[in-house]
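Asker: Pasting the sequence and the predicted model now:
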Amino acid sequence: MAKIDGRTLTAEQLTDLRTRAVAAVQEGQSPETVAEVMGVHRSTLYGWLARYRGGGWGNLDAKKRGGRPPKLDAKAIQWVFDTVTTRQPDQFRFPFALWTVKLLRQLIERHLGVKLGKSSVHRLLDQLGLSAQRPLWRAWQQDAQQVREFKDKTYPALAARAAAEGGEIWFADEAGVRSDDHAGTTWALQGQTPVVASTGARFSLNLISAVSRRGDLRFMGIDGRMNAGRFIEFLQRMLHDSNRKIFLIVDGHPCHKAKKVRAFVDARPEEIELHFLPPYSPELNPDEHVWNEMKTATIGRMAITGPGQLKQLVFSHMHRIQKLPNKIKSYFRAPETAYTLAN
């Protein structure tokens, strides 16, 4: 889009353009996108954000001249936005991986020489359309090129094959549920950390599950640790319940690549195939959401008193999810798994 020359606009038109642009950023659109859509230079938009920060909406009035210069000019505000959205604290030698208001206050003072209060930094982040969010963690060993190739080439090719052969793609994963997996918050008096009583004994339950894009879920409890024999038992159960060829996608756990497993699968080429996710990429597996939901919404909020209760709660949760195909389908619509819907 051709850039707009502000000198060709009336004061009213320029004021309206500034107001709409700043409002769009505050609603969560990136300044780069807003600048492109509005047809203005990126630096111009950051200048408007600096104006707004210095005096509110009235400061965007094109008829208004002068005024006290803002503590952070357009270049400084652009630097803050780029830093938060493209870099991490450890790149600035902070011993943390997450941005906090406290860290940003320190960094702004160190890098820009401007001392801002806590509320001022909060307001700046709001004005830039940024919000506090739970991050998605990635292993540093993950190969971004392999992930892109899996999403853009490997999976689409596999989906096309499955459709041509009348088969169905499933994603499987294992998880261990512990009695001391706690999540969530509870209300209490300020300054007095609440204590929730539960058993001091620790015990766990291992499971394996698989989900399909149609909204199906299969699962199996495991006594002891996962190994090739137990994985084959799960595959046998899946084959027993299916009348279509299964294309099963799993991670690189050693039991998935064991000789016994390869022999079992190779002996049934018309019934099942195993395929593997890129290394260190659990977020690509929709089945991960089964375990995340269980640990955060169910087990993590319960006071577990014994192994029997843990098993009953887990199995009850899994049976309930099996009856909710739309919920299972939603696992495939998450940002990191939506690639599965392209075919």
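Answerer: Now that the structure is in, tell me what you want to look at.
Asker: Now the biggest strand by length in the chain: buried residues?
Answerer: Taking DSSP state E as the criterion, the chain has its longest strand at strand 168-178. Buried residues in strand 168-178, defined by neighbour count with 16 or more other CB atoms under 10 Å: Glu168, Ile169, Trp170, Phe171, Ala172, Asp173, Glu174, Ala175, Val177. All C-beta spots, glycine's among them, are computed from the backbone N, C-alpha and C.
Asker: what does stretch 122-132 give?
Answerer: Leu124, Leu125, Gln127, Leu128, Gly129, Leu130.
Asker: Which of those residues fall in helices?
Answerer: Leu124, Leu125, Gln127 (DSSP state H).
Asker: can you list these in CSV and add pLDDT?
Answerer: Below are those laid out as CSV (pLDDT from 0 to 100):
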residue, pLDDT
Leu124, 84
Leu125, 85
Gln127, 79
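Asker: Turn these into a markdown table, including distance to Arg320.
Answerer: Listed next are these as a markdown table, based on distance: CB to CB, whole Å:
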| residue | distance to Arg320 |
| --- | --- |
| Leu124 | 44 |
| Leu125 | 39 |
| Gln127 | 43 |
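Asker: out of the residues you listed, which one sits closest to Leu217?
Answerer: Of all those, Leu125 has the smallest distance to Leu217: 39.2 Å, by CB to CB.
Asker: Double-check that closest one against Val84; I have them as touching.
Answerer: Yes. Using CB atoms under 8 Å, Leu125 is in contact with Val84, at 7.4 Å.
Asker: Now the common contact residues for those two.
Answerer: Leu104 (CB atoms under 8 Å, 6 or more residues apart in numbering).
Asker: thinking again about what came up before, need the worst-confidence member of the buried residues of strand 168-178.
Answerer: By pLDDT, Val177 ranks lowest within the buried residues of strand 168-178, coming in at 74.
Asker: who's in contact with that residue?
Answerer: Contacts of Val177 were listed using CB under 8 Å, 6+ apart, and they are Ser204, Leu205, Asn206, Leu207, Trp291, Met294, Lys295, Ile299, Leu310, Val314.
Asker: Okay, now the unreliable bits of the stretch 1-150 of the chain?
Answerer: 1-7, 65-69, 95-97, 133-141 (pLDDT under 70).
Asker: where do the helices sit along it?
Answerer: 11-26, 31-38, 42-55, 74-86, 101-112, 118-127, 144-149 (DSSP state H, counting those that start in this stretch).
Asker: ranking those by burial, who's on top?
Answerer: helix 42-55 (a mean of 20; mean count of other CB atoms under 10 Å).
Asker: elements contacting that one?
Answerer: helix 11-26, helix 31-38, helix 74-86, helix 118-127 (3 or more CB pairs under 8 Å, 6 or more residues apart in numbering; DSSP states H and E).
Asker: tell me the angle it makes with helix 118-127.
Answerer: When axes from the mean of the first three to the mean of the last three CA atoms, to 10 degrees is applied, the directions of helix 42-55 and helix 118-127 differ by 140 degrees.
Asker: okay, helix 42-55 in PDB with CA atoms only?
Answerer: Presented in PDB, the C-alpha positions along helix 42-55 are these (Å, rounded to 0.1, in the frame of the first residue of the first chain):
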ATOM      1  CA  ARG A  42       6.300   2.500  11.100                       C
ATOM      2  CA  SER A  43       8.200   5.400  12.700                       C
ATOM      3  CA  THR A  44       5.200   7.700  12.200                       C
ATOM      4  CA  LEU A  45       2.900   5.300  14.100                       C
ATOM      5  CA  TYR A  46       5.300   5.000  17.000                       C
ATOM      6  CA  GLY A  47       5.400   8.800  17.000                       C
ATOM      7  CA  TRP A  48       1.600   8.900  17.500                       C
ATOM      8  CA  LEU A  49       1.900   6.300  20.200                       C
ATOM      9  CA  ALA A  50       4.500   8.600  22.000                       C
ATOM     10  CA  ARG A  51       2.000  11.500  21.600                       C
ATOM     11  CA  TYR A  52      -0.800   9.500  23.100                       C
ATOM     12  CA  ARG A  53       1.400   8.400  26.000                       C
ATOM     13  CA  GLY A  54       2.400  12.000  26.600                       C
ATOM     14  CA  GLY A  55      -1.100  13.400  26.800                       C
END
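Asker: what's the angle from that helix to helix 74-86?
Answerer: Using the same axes, to 10 degrees: helix 42-55 against helix 74-86 is 100 degrees.
Asker: helix/strand/coil for Arg268?
Answerer: Put simply, Arg268 is coil when judged by DSSP: H, G, I helix; E, B strand; the rest coil.
Asker: my read: it touches Met238, true?
Answerer: No. Shown here, Arg268 and Met238 do not form a contact pair, counting by CB under 8 Å, at 11.3 Å.
Asker: more neighbours, those two?
Answerer: Met238 (18 against 13; other CB atoms under 10 Å).
Asker: Secondary structure element for the more buried one, which one?
Answerer: helix 228-240 (DSSP states H and E).
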